[in-house]
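*Asks:* pasting the structure only:
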């Protein structure tokens, strides 16, 4: 059995000002309703409560974003959950299970030719799963994932965010919101400068040191494992952070202080 899953990992050293947190007894934060966190608590930042932090009880692990910001009367990220191992691994046929957090969080992928029915992710509260495990059913149509993708369609060609990471990859077009810091790109590679094509990027200006963003591929046929490889167009610009690290290896370094240009370490 073969599957490919490509993980992107950004480890950035960012400067952060000191933040004081307080527990909130109010049911609202700014103009957003304060969410509930089962087996945990929500802590509100001082001024107007626009920023909240999620903390799980002892022996529970937070699955999802640690922080949320109130924007336009809605929280900008999905509300996380507190998980704990203790549930027996469910049966799953014609697919692949990826357990994390000592088996408390399980992600499911179907093999080519099968379609997933149900939630791709289930989690354990220490005693029971939050939902019935999904199943993989025969698909009459060709369900093999695309071998090339330009991210012009919202379905992202079957690529998915890892719900256990700290923040998401974003589908965007034109200039990034932090372009004034010399980040990029300014336009999509596929359609070009005068078009409105989309690309995937990570916004690191508001992140904390060692925050990670993982973007996972669909499951590909085993036949592609011979002489197969992933190839990507990339754009690395930014005045800050200075390095891009995967596991313990430095992949990119900032080489031009004025323009913010980064270069692969292998080409230096």
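*Replies:* Received, thanks. The model shown is predicted, which means the values in this text are computed figures rather than measured ones. Residues are numbered from 1 along each chain as shown.
*Asks:* for stretch 34-53, measure first residue to last.
*Replies:* 11 Å (CA to CA, to the nearest Å).
*Asks:* brain fart, stretch 38-55
*Replies:* Using CA to CA, one end of stretch 38-55 lies 10 Å from the other.
*Asks:* what of stretch 202-210?
*Replies:* 14 Å.
*Asks:* quick one: mean pLDDT for it?
*Replies:* In this model, stretch 202-210 has a mean pLDDT of 71.
*Asks:* one more: stretch 83-101?
*Replies:* Computed over stretch 83-101, the average pLDDT equals 92.
*Asks:* can you give me the buried ones in that stretch?
*Replies:* Residues of stretch 83-101 classed as buried: 83, 84, 87, 92, 95, 96, 100, 101 (neighbour count, 16 or more other CB atoms under 10 Å). The C-beta positions use only the backbone N, C-alpha and C, and glycine is treated the same way.
*Asks:* quick check: residue 79 vs residue 65, distance?
*Replies:* Between residue 79 and residue 65 the computed distance is 8 Å (CB to CB, to the nearest Å).
*Asks:* picking up where we left off before, in TSV: the buried residues of stretch 83-101, plus secondary structure and distance to residue 149.
*Replies:* Compiled in TSV, those are given as follows (DSSP: H, G, I helix; E, B strand; the rest coil; distance: CB to CB, whole Å):
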residue	secondary structure	distance to residue 149
83	strand	31
84	strand	36
87	coil	35
92	coil	26
95	strand	21
96	strand	20
100	strand	25
101	coil	29
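*Asks:* nearest to residue 120 among those?
*Replies:* Among these, residue 95 lies closest to residue 120 (CB to CB), at 9.7 Å.
*Asks:* need the max-distance pair from the buried residues of stretch 83-101.
*Replies:* 84 and 95 (24.6 Å).
*Asks:* OK, contacts around the closest residue in space to residue 185 that isn't next to it in sequence?
*Replies:* Once flanking residues are discounted, residue 185 sits nearest to residue 235: 4.2 Å by CB to CB, 6 or more residues apart in numbering. Neighbouring residues of residue 235 by CB atoms under 8 Å, 6 or more residues apart in numbering: 184, 185, 189, 199, 201.
*Asks:* having no further points to raise, I will conclude here.
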